[in-house]
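In: sequence-free structure coming up:
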């Protein structure tokens, strides 16, 4: 977890098994429904298939549980 430059948003970074645009599209409506998330994106070209979430509050367990409910691995990077 990192604070952004204005200290109002938190950036969490996750290692995932999400590996395609189709999989991202499947997750999009669910990630968009989380009210405290300001922005999110996947880096599918990274070997860890990184998910970055910018939020006003953090709940890494909930994010991991969401992705795991779709059958993906997900763990927060320290």
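Out: All right, it came through fine. Note that this is a predicted model, so its numbers are computed, not measured.

In: could I get the contacting residues of residue 23?
Out: residue 72 (Cβ atoms under 8 Å, 6 or more residues apart in numbering). Glycine gets a C-beta too; all of them are placed from N, C-alpha and C.

In: likewise the one 3 residues further on?
Out: By Cβ under 8 Å, 6+ apart, the residues touching residue 26 are residue 70.

In: count of neighbours near residue 49?
Out: Other residues near residue 49 number 21, with proximity taken as other Cβ atoms under 10 Å.

In: ok, it - contacts?
Out: Going by Cβ under 8 Å, 6+ apart, residue 49 touches 15-19, 42-43.

In: and the two most separated of the residues you listed?
Out: 17 and 43 (13.4 Å; Cβ to Cβ).

In: for the contacts of residue 49, which single residue is the most surrounded?
Out: When neighbours are counted by other Cβ under 10 Å, residue 16 leads these with 24 neighbours.

In: and that one, what does it touch?
Out: So residue 16 contacts 42, 48-51, 67, 72-74 (Cβ under 8 Å, 6+ apart).

In: same check on residue 44?
Out: Applying Cβ under 8 Å, 6+ apart, the residues contacting residue 44 are 18-21, 24.

In: any chance of the contacts of residue 49 in TSV, plus distance to residue 61, pLDDT and secondary structure?
Out: Formatted as TSV, the entries for the contacts of residue 49 read as follows, by distance: Cβ to Cβ, whole Å; pLDDT from 0 to 100; DSSP: H, G, I helix; E, B strand; the rest coil:
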residue	distance to residue 61	pLDDT	secondary structure
15	15	97	strand
16	15	98	strand
17	18	98	coil
18	18	98	coil
19	23	98	coil
42	19	98	strand
43	22	98	strand
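
In: mind listing the helices for this protein?
Out: 21-32, 60-69 (DSSP state H).

In: need the winner for burial among these.
Out: helix 60-69 (a mean of 15; mean count of other Cβ atoms under 10 Å).
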